[in-house]
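J.: Sequence plus predicted model, see below.
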Amino acid sequence: MSHLNEEFRKHFSFSKEEIYLDTPSCGLVADKVLEWRRAHDLNLSGSVSAFRAEAQQFLNACKKTIANYCDCDLQEIALVPNFSLGFNMVLDSLPSGQSILMLENEYPSIAWPIHRRDFDVRLLQVHETLEDKILESVRKHRPDIFVFSMVQWISGIKIDLDFINALKEEFPKMLLIADGTQFLGTEAFHFSQSKIDVLISSNYKWLNAGFGSGLLLIRKQAQHHIFPQVIGFMSAETFDSKEEDTLYMKHFEPGHLDTLAFGSFKQSLELLDSMGRDKVYAHIKDLNSKAYLAFKERNLLLPEVKNRENHATIFNLQRGKETFESLKKSGIHCSLRGSGIRVGFHYYNTESDLHRLLSILD
């Protein structure tokens, strides 16, 4: 495993004197992606007409890479600049007055847009037995929509995907809308096999694509219940197209898209494939399992987290600002969030990173 650690880390020029555990805030960008970005901008400053003519073909290639990564149909993908814009577009495409179940303390880009619209919102407290509480609430209140982060941004609690699939089986008419921003890039995910209706994500965290790109997936069956209100020229194929010729998912792409941002995303996914997805995900799982046990032994985890069997790559360590400042001085990058210090281990992290963190905490 140590050999793999170096194989993954060598793609990033982050200082060896420091430890980057702040991927939940922003992921590192690989050297290969940065090199591609430089070449992209040189092309843009050269033959601009040729660059413009090939832009749509290039974006279509980006979609094919995404379809391969997420295991979904091309007609289920829209390229969006970030989660927030994609989510707002989806909410504006839903009939008003519907009932929504949402977890407390969700990320502001989820909670704020929902509360500003005409929805009947019911909040559910995040609990150690979260899945049981969700099922209990859905059976009692029968919401039209359940909106949730696949991984909670402060606690790192990950909702069990098998539970989500079972929930959809029991309540097939309930729309499931998921934020995948803190999830995609940490383990294998097959949209075709999941029961999630809508998945939206920004790509600058665990997907390591930098800023400006996001993805929006809407299952074909769910497209009959979501009615896009946005539209623009790029919602059609050619200049000869008419308004009625627009394609469903391209309604969510009304204007020109950033080839630099989505090209960076494509490069990041290709790098992941070149390293071997299974190897990368196995390393992430192994490292985070060791971190979970070490933090649990030291009583550093939140009460609602420490007895859950399946945790994500985010940990909220129950220490204060003084410890946070000590970590910063020691070259460990992390963030203050909620009641503690948030850290996250990605594929460019190693066991030595974990041991160094623990030595300071101890």
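T.: Nice, I can see it. Numbers count the residues shown, from 1 in each chain.

J.: Centre-most residue in the protein?
T.: With distances taken as C-alpha atoms, centre = their mean, the residue of the chain nearest its centroid is residue 181 (1.7 Å).

J.: I'd assumed residue 202 was in contact with it.
T.: Yes. Counting by C-beta atoms under 8 Å, residue 181 sits close enough to residue 202 to count as a contact (4.8 Å). Just so you know, the C-beta spots here come from the backbone N, C-alpha and C atoms, and that holds for glycine as well.

J.: So for these two, which residues contact both of them?
T.: Contact criterion C-beta atoms under 8 Å, 6 or more residues apart in numbering; residues shared by residue 181 and residue 202: residue 83.

J.: okay, how far is it across stretch 268-281, tip to tip?
T.: Using C-alpha to C-alpha, to the nearest Å, one end of stretch 268-281 lies 15 Å from the other.

J.: Report the distance from it to the chain centre.
T.: Centroid separation for stretch 268-281 versus its chain: 16 Å, with C-alpha atoms, centre = their mean, to the nearest Å.

J.: what's the answer for stretch 52-65, then?
T.: Distance, centroid of stretch 52-65 to centroid of chain: 22 Å (C-alpha atoms, centre = their mean).

J.: Pull the residues that contact it.
T.: Contacts with stretch 52-65, where a contact means C-beta under 8 Å, 6+ apart, come from 74, 77, 79, 256-257, 259, 262-263, 265-266, 269-270.

J.: related to what we said a few turns ago, what's near enough to touch the residue nearest to the centre of the chain?
T.: Contacts here follow C-beta under 8 Å, 6+ apart; on that basis residue 181 touches 83, 107, 149, 153, 200-202, 205.

J.: And the strands in the stretch 1-150 of the chain?
T.: All strands of the stretch 1-150 of the chain, identified by DSSP state E, counting those that start in this stretch, fall at 19-20, 77-80, 99-103, 120-124, 145-149.

J.: ok so, going back, least confident pick among the contacts of stretch 52-65?
T.: In terms of pLDDT, the lowest of the contacts of stretch 52-65 is residue 256, showing 89.

J.: Select the longest helix from this protein.
T.: helix 48-70 (DSSP state H).

J.: buried subset of the contacts of stretch 52-65?
T.: Among the contacts of stretch 52-65, those buried by neighbour count (16 or more other C-beta atoms under 10 Å) are 77, 79, 257, 259, 262-263, 265-266, 269-270.

J.: Now tabulate the contacts of residue 181 in TSV and tack on neighbour count, pLDDT and distance to residue 121.
T.: What follows is the contacts of residue 181, written out as TSV (neighbours: other C-beta atoms under 10 Å; pLDDT from 0 to 100; distance: C-beta to C-beta, whole Å):
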residue	neighbour count	pLDDT	distance to residue 121
83	23	98	19
107	18	96	15
149	24	98	16
153	24	97	19
200	28	98	18
201	27	98	22
202	26	98	23
205	25	98	26
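
J.: Max pairwise distance over those: which two?
T.: Among these, the pair separated by the greatest distance (C-beta to C-beta) is 153 and 200, at 14.1 Å.

J.: Please report the distance of the spatially closest residue to residue 169 that is not a sequence neighbour from residue 165.
T.: Distances taken as C-beta to C-beta, 6 or more residues apart in numbering place residue 195 nearest to residue 169, at 7.1 Å, with adjacent residues excluded. Separation of residue 195 from residue 165 (C-beta to C-beta, to the nearest Å): 4 Å.

J.: do the same with residue 185
T.: Look at residue 185 and residue 165: by C-beta to C-beta, they are 21 Å apart.

J.: pretty sure residue 80 is touching residue 89, no?
T.: Yes. Under the criterion of C-beta under 8 Å, residue 80 is in contact with residue 89, at a separation of 7.3 Å.
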